[in-house]
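>>> here is a sequence with its predicted model. Questions after.
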Amino acid sequence: MFLTRVLPTKGLLIAHLTERANKGDAYAQHQLLWQLFPDQLNRNFLFRYEQGKSGPCYYLLSASEPIAEFEGVQVLSKPFQPKLKTGDQLGYTLRANPTRMLKHDKPGQRGRRVDVLMHAKMQARGMPDVDVAQVQYQAAQDWLMEPARQARMGVAFATAPEVTEHQQHQVYKSARNSGRAKPIQFASVNYEGTLTVTDPECFLRQLTQGVGRAKAFGCGLMMIRRI
């Protein structure tokens, strides 16, 4: 695996795509970064978009090393091979898309998938003396802290994560949307905190696969550091 920082620079040949990406268009970001993997038919990378003081940048975790075959990007890659053992404590940041399946009223039938934050907001609507923002904050924390999720990830969260930001996105796959196409809607939540590794092999596999859904739109990449 490779961990990469991608810095767009002036003179990019695919300028229109980059303009959309740098304005926060998640689909354009995905398409832009795919240009760094010219021989791949299927996506094998996770990414995250950040807007810093010096401009936009992208973090990538990929199975193969990205190749900049066009002008206008600086690609800084290094092998990602963390040596982890049970009991290691790590700091992390994560941008994820929290969703869950609701139970269907009829046994044996599949329920619908919902956005955790929007579902919490709808449930809190009309309830007196309820802080909707706090309800959503708690729902976002509960999603990541689910015991089954921690087991699948091979980690234990000693404390609830801090939710630093959440945002609703509306993405059109076509830059020339006519207004008739239905947009793709999803939420992203930024988490940060500390964790303890309980199953190193499982945790590394989860890092490479990503956490949650909407991975094609910049969610799922967990960044880790030793405490």
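Looks like it came in fine.
>>> what strand or helix carries the nearest residue to Arg226 once chain neighbours are set aside?
Of all residues not flanking Arg226 in the chain, Leu90 sits nearest, at 6.2 Å (CB to CB, 6 or more residues apart in numbering). For every residue, glycine as well, the C-beta is placed using N, CA and C. In this assignment (DSSP states H and E), Leu90 forms part of strand 89-96.
>>> could you list every helix and strand in contact with the very next helix or strand once past that strand?
From strand 89-96 onward toward the C-terminus, using DSSP H and E, the following helix or strand is strand 99-101. With contacts taken as 3 or more CB pairs under 8 Å, 6 or more residues apart in numbering; DSSP states H and E, strand 99-101 sits against strand 113-115, helix 116-124.
>>> let me know which of the ones you listed is tucked in deepest.
A comparison of the helices and strands packed on strand 99-101 by mean neighbour count, using mean count of other CB atoms under 10 Å, puts helix 116-124 on top with a mean of 17.
>>> counting contacts, what elements does it pack onto?
strand 99-101, helix 132-145, strand 184-197.
>>> weakest of these in terms of mean pLDDT?
With a mean of 87, strand 99-101 has the lowest mean pLDDT of the helices and strands packed on helix 116-124.
>>> buried stuff in it?
Burial within strand 99-101, assessed by neighbour count using 16 or more other CB atoms under 10 Å, is assigned to Thr99.
>>> partners of that strand in the sheet?
Strand 99-101 pairs in its sheet with strand 113-115 (antiparallel), by DSSP bridges.
>>> could I get the average pLDDT for the strand it pairs with?
Here strand 113-115 scores 88 as its mean pLDDT.
>>> thinking again about what came up before, for the strand holding Leu90, list the C-alpha coordinates in CSV.
Taking Å, rounded to 0.1, in the frame of the first residue of the first chain, the C-alpha atoms of strand 89-96 are listed here in CSV:
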residue,chain,number,x,y,z
GLN,A,89,-2.7,3.0,21.0
LEU,A,90,-3.2,5.3,18.0
GLY,A,91,-4.6,8.7,17.3
TYR,A,92,-6.8,8.8,14.3
THR,A,93,-8.9,11.1,12.0
LEU,A,94,-11.6,9.8,9.8
ARG,A,95,-14.1,11.2,7.3
ALA,A,96,-17.0,8.7,7.0
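>>> which residues in this structure form helices?
Along the chain, counting by DSSP state H, helices occupy 15-22, 26-34, 116-124, 132-145, 147-153, 200-209.
>>> what helices and strands are in contact with the shortest one?
Right, the one you point to is helix 147-153. Helices and strands touching helix 147-153, as assessed by 3+ CB pairs under 8 Å, 6+ apart, comprise helix 200-209.
>>> any weak-confidence spans in the protein?
Low-confidence segments of the chain, defined by pLDDT under 70: 10-19, 22, 69-71, 104-105, 108-109, 173-181.
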